[in-house]
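In: Sequence and computational prediction follow.
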Amino acid sequence: MRTIIFFVLIFIGHIGFCQYTRTYNVHIDTFKNGTVFHYNTRKIVKSKEFQLHEFYLKEVVRHTFYYPNGHKSSMSERITKKGTYGKYCFEIKFEQKEFYENGKLKSRELNLCDCYKVKKYKYNERGKLISHEYIKNRWVKKKMD
(Lines give C-alpha, C1' and ligand atoms only; values in the text may rest on other atoms or scores of the structure.)
Protein backbone atom coordinates (compact mmCIF):
# COMPACT_ATOMS: atom_id res chain seq x y z
CA MET A 1 0.00 0.00 0.00
CA ARG A 2 2.85 2.40 0.81
CA THR A 3 4.51 1.73 -2.55
CA ILE A 4 1.29 2.59 -4.40
CA ILE A 5 0.96 5.87 -2.52
CA PHE A 6 4.64 6.60 -3.15
CA PHE A 7 4.26 6.07 -6.93
CA VAL A 8 1.09 8.17 -7.01
CA LEU A 9 2.87 11.05 -5.27
CA ILE A 10 5.83 10.79 -7.65
CA PHE A 11 3.48 10.72 -10.64
CA ILE A 12 1.58 13.80 -9.41
CA GLY A 13 4.85 15.64 -8.75
CA HIS A 14 6.17 14.75 -12.19
CA ILE A 15 3.05 16.06 -13.93
CA GLY A 16 3.51 19.48 -12.31
CA PHE A 17 6.84 20.07 -14.07
CA CYS A 18 5.70 19.34 -17.61
CA GLN A 19 2.33 21.08 -17.72
CA TYR A 20 1.43 23.95 -19.99
CA THR A 21 -0.02 27.36 -19.24
CA ARG A 22 -3.14 28.30 -21.14
CA THR A 23 -4.44 31.82 -21.69
CA TYR A 24 -7.66 32.75 -23.46
CA ASN A 25 -8.50 36.32 -24.52
CA VAL A 26 -11.68 37.70 -26.11
CA HIS A 27 -11.98 41.13 -27.74
CA ILE A 28 -15.28 42.51 -29.06
CA ASP A 29 -15.83 45.66 -31.17
CA THR A 30 -19.36 46.93 -31.83
CA PHE A 31 -21.18 49.27 -34.21
CA LYS A 32 -22.75 52.47 -32.82
CA ASN A 33 -26.13 50.74 -32.55
CA GLY A 34 -24.64 48.02 -30.30
CA THR A 35 -24.44 45.07 -32.68
CA VAL A 36 -21.17 43.17 -32.85
CA PHE A 37 -18.75 44.23 -35.64
CA HIS A 38 -15.60 42.27 -34.78
CA TYR A 39 -15.24 39.26 -32.47
CA ASN A 40 -11.65 38.18 -31.80
CA THR A 41 -10.46 35.24 -29.69
CA ARG A 42 -6.88 34.25 -28.92
CA LYS A 43 -5.85 31.03 -27.21
CA ILE A 44 -2.20 30.52 -26.23
CA VAL A 45 -0.76 27.27 -24.90
CA LYS A 46 2.88 27.25 -23.84
CA SER A 47 5.17 25.20 -21.67
CA LYS A 48 5.54 26.46 -18.10
CA GLU A 49 9.30 26.27 -17.95
CA PHE A 50 11.55 27.37 -20.78
CA GLN A 51 14.07 24.75 -21.81
CA LEU A 52 16.20 25.18 -24.88
CA HIS A 53 15.18 22.02 -26.74
CA GLU A 54 11.76 21.45 -25.21
CA PHE A 55 10.03 24.82 -25.63
CA TYR A 56 6.48 24.77 -26.95
CA LEU A 57 4.07 27.58 -27.85
CA LYS A 58 0.82 27.15 -29.77
CA GLU A 59 -1.45 30.05 -30.66
CA VAL A 60 -4.97 29.89 -32.10
CA VAL A 61 -6.40 33.22 -33.30
CA ARG A 62 -9.96 33.54 -34.62
CA HIS A 63 -11.38 36.72 -36.18
CA THR A 64 -15.05 37.08 -37.09
CA PHE A 65 -16.43 40.21 -38.79
CA TYR A 66 -20.15 40.94 -39.11
CA TYR A 67 -22.38 43.00 -41.39
CA PRO A 68 -24.65 45.60 -39.74
CA ASN A 69 -27.62 43.27 -40.32
CA GLY A 70 -26.02 40.64 -38.06
CA HIS A 71 -24.80 38.14 -40.69
CA LYS A 72 -21.13 37.15 -40.82
CA SER A 73 -18.94 39.08 -43.24
CA SER A 74 -15.74 37.05 -42.90
CA MET A 75 -14.10 34.56 -40.60
CA SER A 76 -10.46 33.58 -40.25
CA GLU A 77 -8.61 31.10 -38.09
CA ARG A 78 -4.84 30.89 -37.78
CA ILE A 79 -3.04 28.16 -35.84
CA THR A 80 0.69 28.68 -35.34
CA LYS A 81 3.24 26.89 -33.22
CA LYS A 82 6.81 27.26 -32.15
CA GLY A 83 8.78 24.45 -30.63
CA THR A 84 9.99 20.94 -31.19
CA TYR A 85 6.70 19.05 -30.97
CA GLY A 86 4.33 18.08 -33.77
CA LYS A 87 4.62 19.22 -37.37
CA TYR A 88 7.75 20.95 -38.63
CA CYS A 89 5.91 24.02 -39.96
CA PHE A 90 5.34 27.34 -38.17
CA GLU A 91 1.82 28.01 -39.47
CA ILE A 92 -0.10 24.77 -39.14
CA LYS A 93 -3.42 25.98 -40.51
CA PHE A 94 -4.92 29.17 -41.91
CA GLU A 95 -8.55 29.17 -42.95
CA GLN A 96 -10.45 32.16 -44.28
CA LYS A 97 -14.14 32.31 -45.19
CA GLU A 98 -16.06 35.18 -46.77
CA PHE A 99 -19.84 35.48 -46.79
CA TYR A 100 -22.47 37.33 -48.84
CA GLU A 101 -24.76 39.78 -47.04
CA ASN A 102 -27.54 37.18 -47.05
CA GLY A 103 -25.33 34.88 -44.93
CA LYS A 104 -24.37 32.38 -47.66
CA LEU A 105 -20.74 31.31 -48.10
CA LYS A 106 -18.90 33.30 -50.81
CA SER A 107 -15.39 31.81 -50.74
CA ARG A 108 -13.23 29.59 -48.59
CA GLU A 109 -9.46 29.27 -48.54
CA LEU A 110 -7.52 26.70 -46.55
CA ASN A 111 -3.71 26.81 -46.23
CA LEU A 112 -2.01 23.89 -44.52
CA CYS A 113 1.53 23.79 -43.20
CA ASP A 114 3.00 27.11 -44.37
CA CYS A 115 1.04 27.08 -47.67
CA TYR A 116 2.36 23.63 -48.56
CA LYS A 117 -1.21 22.66 -49.47
CA VAL A 118 -3.72 25.32 -50.53
CA LYS A 119 -7.40 24.67 -51.20
CA LYS A 120 -9.61 27.42 -52.62
CA TYR A 121 -13.38 27.21 -53.09
CA LYS A 122 -15.80 29.79 -54.57
CA TYR A 123 -19.58 29.75 -54.22
CA ASN A 124 -22.45 31.65 -55.86
CA GLU A 125 -25.09 33.63 -53.92
CA ARG A 126 -27.23 30.53 -53.46
CA GLY A 127 -24.36 28.68 -51.78
CA LYS A 128 -23.57 26.32 -54.68
CA LEU A 129 -19.91 25.51 -55.40
CA ILE A 130 -18.83 27.10 -58.70
CA SER A 131 -15.05 26.55 -58.67
CA HIS A 132 -12.34 24.91 -56.64
CA GLU A 133 -8.57 24.84 -56.86
CA TYR A 134 -5.99 22.63 -55.17
CA ILE A 135 -2.34 23.67 -55.04
CA LYS A 136 0.48 21.62 -53.61
CA ASN A 137 3.83 23.39 -53.41
CA ARG A 138 6.96 21.32 -53.40
CA TRP A 139 9.96 22.66 -51.61
CA VAL A 140 13.40 22.26 -53.12
CA LYS A 141 16.12 21.25 -50.72
CA LYS A 142 19.15 23.51 -51.01
CA LYS A 143 22.67 22.66 -50.07
CA MET A 144 24.13 24.49 -47.11
CA ASP A 145 27.26 26.52 -47.83
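Out: Cool, got the structure.

In: where along this protein do the helices fall?
Out: Assigned helices in the chain, in chain order: 2-17 (criterion: DSSP state H).

In: ok, and the helix or strand in it with the lowest average confidence?
Out: In the chain, no helix or strand scores lower on mean pLDDT, DSSP states H and E than helix 2-17, which sits at a mean of 59.

In: how about low-confidence regions in this protein?
Out: Counting by pLDDT under 70, the ranges of the chain that qualify are 1-18, 50-54, 84-87, 138-145.

In: Just list whatever residues bridge to the most centrally placed residue in it.
Out: When C-alpha atoms, centre = their mean is applied to the chain, the residue found nearest the centroid is residue 79 (2.6 Å). Under DSSP bridges, the beta-bridge partners of residue 79 are residue 60, residue 93.

In: Pull the contacting residues for it.
Out: Applying C-beta atoms under 8 Å, 6 or more residues apart in numbering to residue 79 gives the contacts 58-60, 91-94. From N, CA and C alone the C-beta is placed, and that goes for glycine too.

In: For ChimeraX, what selects the buried ones among those residues?
Out: Per 16 or more other C-beta atoms under 10 Å, the buried members of these correspond to this ChimeraX selection:
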select :58,60,91,92,94
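
In: From the contacts of residue 79, pick the one nearest residue 32.
Out: Lowest distance from residue 32 to those (C-beta to C-beta) belongs to residue 60, with 30.3 Å.

In: Isn't the closest one up against residue 78?
Out: Yes. Using C-beta atoms under 8 Å, residue 60 is in contact with residue 78, at 7.5 Å.

In: Quickly list what residue 66 is bridged to.
Out: Going by DSSP bridges, residue 66 forms beta bridges with residue 72.

In: now residue 123
Out: Bridge pairing for residue 123 - DSSP bridges - gives residue 129.
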